[in-house]
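J.: take this sequence and fold it.
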Amino acid sequence: NFYLGRWYTFVVRGFGPHIDFWFSESSDVTSSWDSQNVYTIEPPKSDLTVFMNYAAKAHPGLQLLSDELVFSFATNALNIDTLADEGMGSIYTPQLVSMQIAYASSLMIILLSAMLSVFVLAGATIAVVFVIRLRQNWTKNKLS
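T.: Down below sits the predicted model:
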């Protein structure tokens, strides 16, 4: 993903109600990946005795903001007759989910680290100058 600067995908865990966000901190897709549960499918689709959830898919082309993730998932009934029940007509329709995320890109971390280093260096420089001037004043007063 261009905005996140990392590889990512979504996975429905075991046909259940949990969707996990899998991501790699590296630009190398074969590096290690971590996951985090980011979405729980709500009832009635979370009832595993009646429904199964599958096919989570990222949709980066639908993102409108840089801190947004868009994904979809599909649900189907374990018994085809359930789809004919009252209010179940949309069960088989893929569901789109948009969510805001909080992240710090690698570039932002590098910039913040550089700024912190500059502030630390500036603070150390000011402290050294202060000590040198203090010593000069002390030496000057001692000689007079």
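J.: separation between Met99 and Glu86?
T.: 30 Å (Cβ to Cβ, to the nearest Å). C-betas here are computed from N, CA, C, even on glycine.
J.: I meant to write Leu78 there.
T.: Separation of Leu78 from Glu86 (Cβ to Cβ): 18 Å.
J.: those two: which is more packed in?
T.: Neighbour count, other Cβ atoms under 10 Å: between Leu78 and Glu86, Leu78 has more, with 12 against 5.
J.: for that one, phi and psi?
T.: Leu78 adopts backbone torsions of phi -70, psi -30, taken as degrees, to the nearest 10.
J.: so it sits against Tyr54, correct?
T.: No - in this structure, Leu78 is not within contact of Tyr54 by Cβ atoms under 8 Å, at 11.9 Å.
J.: pull up the overlap in contacts between those two.
T.: Counting by Cβ atoms under 8 Å, 6 or more residues apart in numbering, Leu78 and Tyr54 have no contacts in common.
J.: quick check: phi and psi on the closest residue in space to Pro17 that isn't next to it in sequence?
T.: Nearest residue to Pro17, sequence neighbours excluded (Cβ to Cβ, 6 or more residues apart in numbering): Ser46, at 3.6 Å. Torsion angles at Ser46 (phi, psi; degrees, to the nearest 10) stand at phi -90, psi -10.
J.: ranges for the helices of this structure?
T.: 106-143 (DSSP state H).
J.: the residue nearest to Phe23 when sequence neighbours are not counted: neighbour count?
T.: Nearest non-adjacent residue to Phe23, counting by Cβ to Cβ, 6+ apart: Tyr8, 4.2 Å away. For Tyr8, the neighbour count with other Cβ under 10 Å is 16.
J.: wait, doesn't Tyr8 sit right on Glu25?
T.: No - under the criterion of Cβ under 8 Å, Tyr8 makes no contact with Glu25, lying 10.3 Å away.
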